[in-house]
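S.K.: Sequence plus the predicted model coming up.
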Amino acid sequence: MIPNITKGTRMQGLIAYLAGPGRANEHTDPHLVAGSPSIMAWHNDDELNASAAQAIARELDQAKDVLGIEVTGGHVWHCSLSLRAEEGDLTDQKWGEIAQDFMDEMGFTEASGRAPVQWVAIRHGHSKAGNDHIHIAASMVREDGTKWDSWKDFPRAQKVARELEKKYGLEELSPTHSTRGLRPGEREASERRGAPEPERRSLERKVRACATSAKDEAEFVRRVRRTGALVRPRYASGRDDVVVGYSVAERPPKGGRPVWFGGGHLAKDLALPKLRREWQDTPQSAGEAVAEWGAAARGRRPVIIGREAYEPDPQQWERYSNEVAQLRETLRSVPVDDHAAWAHVARETAGAFAAWSTATETVPGPLAAAATELSKTAQLRRYPVKPVRTVGPSARGASLLLMTATAGSGTAAQAIMLRQLLNVSKAIHDMHQANNDLRRSRQINAMVRTQLVMVANALPPVPAAPPAPAVQQEAANVTPVAVVDAELAETVRRAREGLAPINKPGSVLPPKYERPRTPTTTRTGNDRPDIER
C-alpha cells in the first residue's frame, strides 16, 4: 500500500476535485468510506454531489475558520492510499477499517489522547493506471484549536502503511528498496505532447546507461550529451570549479523550454555523489570533469574526444560476456541480506539493459522495461555511510559494448551477452525470493517472461557449447518459477473478504470549538506541490 502526502490551503478545491469527474473523467461513484463521526452521521455512502462536497469541505474547515488558527504552509492534509492494480479491489468496509486505523496511528483521532481533527476518506474508483485507492482529506487544526504536528509525516505514513499491510494481509512493500514514482502531471504532460513516456523516465534510462558505460566523470558528461539530452552542473556556492550536482533535460522543440530534473530526482542511485563511487578519481580526471561540465553549461563542444566516439574492439564481446558469467558465479557467495552489494549488481545490470535500449530502441521497448524493473533493486531506502568499492567481475563492460549496438536482427555475441545478463537477473530474483520479497520477485519474473523473451527470440540462437558449469545449466531455464504458497493464498483470501466495519468511539454531534489557552506552533513537513494551493 503506497501513501502519497500533499499539503495545501484550499480544502474546498481538494474536496471538489475528489468528488468531481477527475482530470480524465476517471472518477466514478465518489463516496465516503470513513471519516469523523459527526461527518459520517450526516453523509452516508451515497454518491457525493457538488453540494455535499461543499458541505463536507466547510465542516472540515470549521475549526480553522471559527478559531482563526493559521498553519504555516497550509492546513489541508491530503493523503492517498493505493494498491497495485494486480492486487485487485478491496471492499468499502475494508477500506474504511484501513482508513480509520491509519488516522489513529497518524495521531489525527482521539486515539492519540488529544483532541481529534475533522477528516474524511473518499473512494472514487480506479486511477488511470487501474489502481484501487482512497483519498484522505483532513484539517491540521484540532477541535480545541491546537495543531496536528506534521513533522516527519511522510516516513511516519510509510511505517504505518507497512504495519497495516501485515494486519490486513495486503501485499507488503519492501522495507529495503524505494523508488521515485511519477506525478500525475508528468503523465498528463507527456500525453499532451504525444510522447511515448514521461521525460523523467527517458532521462533516467539515458543517465543510467551513460553512468554505467563511462569510466570517469568527464566521459559521463560527454556520453549524456551524445544522447541528445541537455546537461548542466550545479556548482558549490561561490565556486565555478567544484561541481556538487547536476541536472538533465530532454532537448525541447524549437521555441520550447527544457524541463530540468536533478540526478537524485531521476532515481535515488543517480545522484552525483553516488555515481562518483563507481568512477576513477584522480586529480587529472577531476580537472577533465570540471572542464567538460563547463563546456556543457555553455553549450560548447566537448573539450576532448574520448572512447565514447569509437567502436570498441569486437574481441571484447567474449571477454565481457565471460566477466558477466563470472559475476553470476560470484553472487553465489554473497549473503542475501547484503543489500548494498545486491543493489550494486542490480545497478550495473540495469545500466547494461539501459545502454542497449538507448542504442537500439526508438520508443520504450522490452529492454527499457528490463532496465526499469532491475533499477528498483538498485535504489535503497538507506545507503551505507561508508560505501565499499567492489573489486571483481562487473557488468560495466557489457554496458560499454551494448551502448554501441545497432538496431537490427542482432548478433550471436549479443545473444550470448543476453544469456549471461539473464542469469544475473535470475540471481537477483532469487535474492528477493530468499528475503521473502515476493512482490519484487514476481515483478522480475513477469519482466523476464513477457519482455526479455521477446528480445531472446529476435536474436540468433546461442552457439552450442559443451555443458559444464552451473552457468550453462541455469541458462537453459532463465525464467524463474512463480511462487505459490499458503501465505500468498491467505493474503488473497483476506484481501477479497469483506469484514464488517469496527465501530470507533466518538460523538456524532458537531464538536464545540474552544480557543487554546496558550499559543501553539507546529512544524510542517516538506510540502509537495501535488494539489493546487
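M.R.: It's in.
S.K.: So A34 belongs to a strand, correct?
M.R.: Yes: under DSSP: H, G, I helix; E, B strand; the rest coil, A34 sits within a strand.
S.K.: Check the gap between it and D101 for me.
M.R.: 10 Å (C-beta to C-beta, to the nearest Å). C-beta coordinates here come from the backbone N, C-alpha and C atoms, glycine included.
S.K.: Could you list the low-pLDDT ranges of the stretch 51-200 of the chain?
M.R.: Low-confidence segments of the stretch 51-200 of the chain (pLDDT under 70): 86, 184.
S.K.: what about the helices in it?
M.R.: In the stretch 51-200 of the chain, the helices defined using DSSP state H, counting those that start in this stretch lie at 92-105, 153-167, 184-193, 199-213.
S.K.: can you give me the angle the last one makes with helix 184-193?
M.R.: Just to be clear, that refers to helix 199-213. Relative orientation of helix 199-213 and helix 184-193, computed by axes from the mean of the first three to the mean of the last three C-alpha atoms, to 10 degrees: 100 degrees.
S.K.: C-alpha coordinates for helix 199-213, PDB please?
M.R.: Taking C-alpha atoms only, helix 199-213 is exported to PDB below (Å, rounded to 0.1, in the frame of the first residue of the first chain):
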ATOM      1  CA  GLU A 199      10.600  12.800 -19.800                       C
ATOM      2  CA  ARG A 200      11.800  11.700 -16.400                       C
ATOM      3  CA  ARG A 201      11.700   8.000 -17.500                       C
ATOM      4  CA  SER A 202      13.600   8.600 -20.700                       C
ATOM      5  CA  LEU A 203      16.200  10.700 -18.900                       C
ATOM      6  CA  GLU A 204      16.600   8.200 -16.100                       C
ATOM      7  CA  ARG A 205      17.400   5.500 -18.700                       C
ATOM      8  CA  LYS A 206      19.900   7.700 -20.600                       C
ATOM      9  CA  VAL A 207      21.700   8.800 -17.400                       C
ATOM     10  CA  ARG A 208      21.800   5.200 -16.100                       C
ATOM     11  CA  ALA A 209      23.200   3.900 -19.400                       C
ATOM     12  CA  CYS A 210      25.900   6.700 -19.600                       C
ATOM     13  CA  ALA A 211      26.900   6.400 -16.000                       C
ATOM     14  CA  THR A 212      27.500   2.600 -16.300                       C
ATOM     15  CA  SER A 213      29.300   2.900 -19.600                       C
END
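S.K.: so what secondary structure elements neighbour the next helix or strand after it?
M.R.: Remark: after helix 199-213, the chain's next helix or strand is helix 217-226, criterion DSSP states H and E. With contacts taken as 3 or more C-beta pairs under 8 Å, 6 or more residues apart in numbering; DSSP states H and E, helix 217-226 sits against helix 199-213, strand 230-235, helix 272-276, helix 283-298.
S.K.: Could you check how far A352 is from A325?
M.R.: Look at A352 and A325: by C-beta to C-beta, they are 13 Å apart.
S.K.: A34 and D101 - which one has more neighbours?
M.R.: Using other C-beta atoms under 10 Å, the more surrounded residue of A34 and D101 is A34, with 26 against 20.
S.K.: Tell me the bridge partners for that one.
M.R.: According to DSSP bridges, the partner residues bridging A34 are A121.
S.K.: That one is in contact with K94, isn't it?
M.R.: No: using C-beta atoms under 8 Å, A34 is not in contact with K94; the gap is 10.7 Å.
S.K.: ok, A352 and A325, which is more surrounded?
M.R.: Neighbours were tallied for A352 and for A325 using other C-beta under 10 Å; the higher tally belongs to A352 (33 against 21).
S.K.: so that one sits right up against A398, yeah?
M.R.: Yes: if you go by C-beta under 8 Å, A352 and A398 touch, sitting 4.2 Å apart.
S.K.: Mind listing the shared neighbours of these two?
M.R.: Common neighbours of A352 and A398, using C-beta atoms under 8 Å, 6 or more residues apart in numbering, are L421.
S.K.: Could you pull out the strands in this protein for me?
M.R.: Ranges of strands within the chain are 2-8, 31-35, 76-82, 119-123, 133-139, 230-235, 243-249, 261-262, based on DSSP state E.
S.K.: Just the C-alpha atoms of stretch 71-87, please, in CSV.
M.R.: Extracted in CSV, the C-alpha atoms of stretch 71-87 (Å, rounded to 0.1, in the frame of the first residue of the first chain):
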residue,chain,number,x,y,z
VAL,A,71,-0.9,26.9,9.8
THR,A,72,2.3,27.7,8.1
GLY,A,73,2.3,26.1,4.7
GLY,A,74,-1.4,25.3,4.7
HIS,A,75,-3.8,23.5,7.0
VAL,A,76,-5.1,21.0,4.3
TRP,A,77,-3.5,17.5,4.7
HIS,A,78,-4.2,15.1,1.8
CYS,A,79,-3.0,11.5,1.6
SER,A,80,-3.9,8.9,-1.0
LEU,A,81,-3.5,5.2,-0.1
SER,A,82,-3.3,3.0,-3.2
LEU,A,83,-2.8,-0.7,-4.1
ARG,A,84,-1.1,-2.1,-7.2
ALA,A,85,-3.6,-2.9,-9.9
GLU,A,86,-2.5,-6.6,-9.7
GLU,A,87,-3.8,-6.7,-6.1
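S.K.: which parts of it are buried?
M.R.: Residues of stretch 71-87 classed as buried by neighbour count (16 or more other C-beta atoms under 10 Å): 71, 73-84, 87.
S.K.: farthest-separated two in those residues?
M.R.: Within the buried residues of stretch 71-87, two members stand farthest from each other by C-beta to C-beta: V71 and E87, at 34.5 Å.
S.K.: Quick check on D437: phi, psi?
M.R.: phi -90, psi 70 (degrees, to the nearest 10).
S.K.: these two touch, right, it and S174?
M.R.: Yes: under the criterion of C-beta under 8 Å, D437 makes contact with S174 at 5.3 Å.
S.K.: all helices of the stretch 351-500 of the chain, in order?
M.R.: Counting by DSSP H, counting those that start in this stretch, the helices of the stretch 351-500 of the chain are 366-378, 396-402, 412-434, 438-447, 453-458, 470-475, 486-496.
S.K.: helices and strands around the first one, which ones?
M.R.: Judged by 3+ C-beta pairs under 8 Å, 6+ apart, the packing partners of helix 366-378 are helix 199-213, helix 339-360, helix 412-434, helix 438-447, helix 453-458.
S.K.: Kindly export that helix (C-alpha atoms) in CSV.
M.R.: Coordinates of each C-alpha in helix 366-378 appear next as CSV, following Å, rounded to 0.1, in the frame of the first residue of the first chain:
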residue,chain,number,x,y,z
PRO,A,366,11.4,-4.7,-23.7
LEU,A,367,15.0,-3.6,-23.0
ALA,A,368,13.7,-0.3,-21.4
ALA,A,369,11.3,-2.4,-19.3
ALA,A,370,14.1,-4.6,-18.1
ALA,A,371,16.2,-1.6,-17.1
THR,A,372,13.3,0.0,-15.2
GLU,A,373,12.5,-3.2,-13.4
LEU,A,374,16.0,-4.0,-12.3
SER,A,375,16.7,-0.4,-11.3
LYS,A,376,14.1,-0.8,-8.5
THR,A,377,16.5,-3.2,-6.7
ALA,A,378,19.4,-0.7,-7.2
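S.K.: where are the low-confidence patches of the chain?
M.R.: The chain contains residues with pLDDT under 70 at 86, 184, 385-391, 407-409, 463-533.
S.K.: mind redoing it with 80?
M.R.: By pLDDT under 80, the weakly predicted segments of the chain are 23-25, 44-45, 84-87, 128-130, 171-188, 381-392, 406-410, 462-533.
S.K.: how far away is M106 from S112?
M.R.: Separation of M106 from S112 (C-beta to C-beta): 8 Å.
S.K.: neighbour count winner among the two?
M.R.: The neighbour count for M106 versus S112, taken as other C-beta under 10 Å, is higher for M106 (24 against 17).
S.K.: With respect to T9, which of the helices of the stretch 51-200 of the chain lies nearest?
M.R.: helix 153-167 (16.7 Å).
S.K.: Quick one: residues in contact with that closest one.
M.R.: For helix 153-167, using C-beta under 8 Å, 6+ apart, the contacting residues are 1-3, 5, 77, 79, 81, 98, 101-102, 105-106, 170-173, 175, 525-526.
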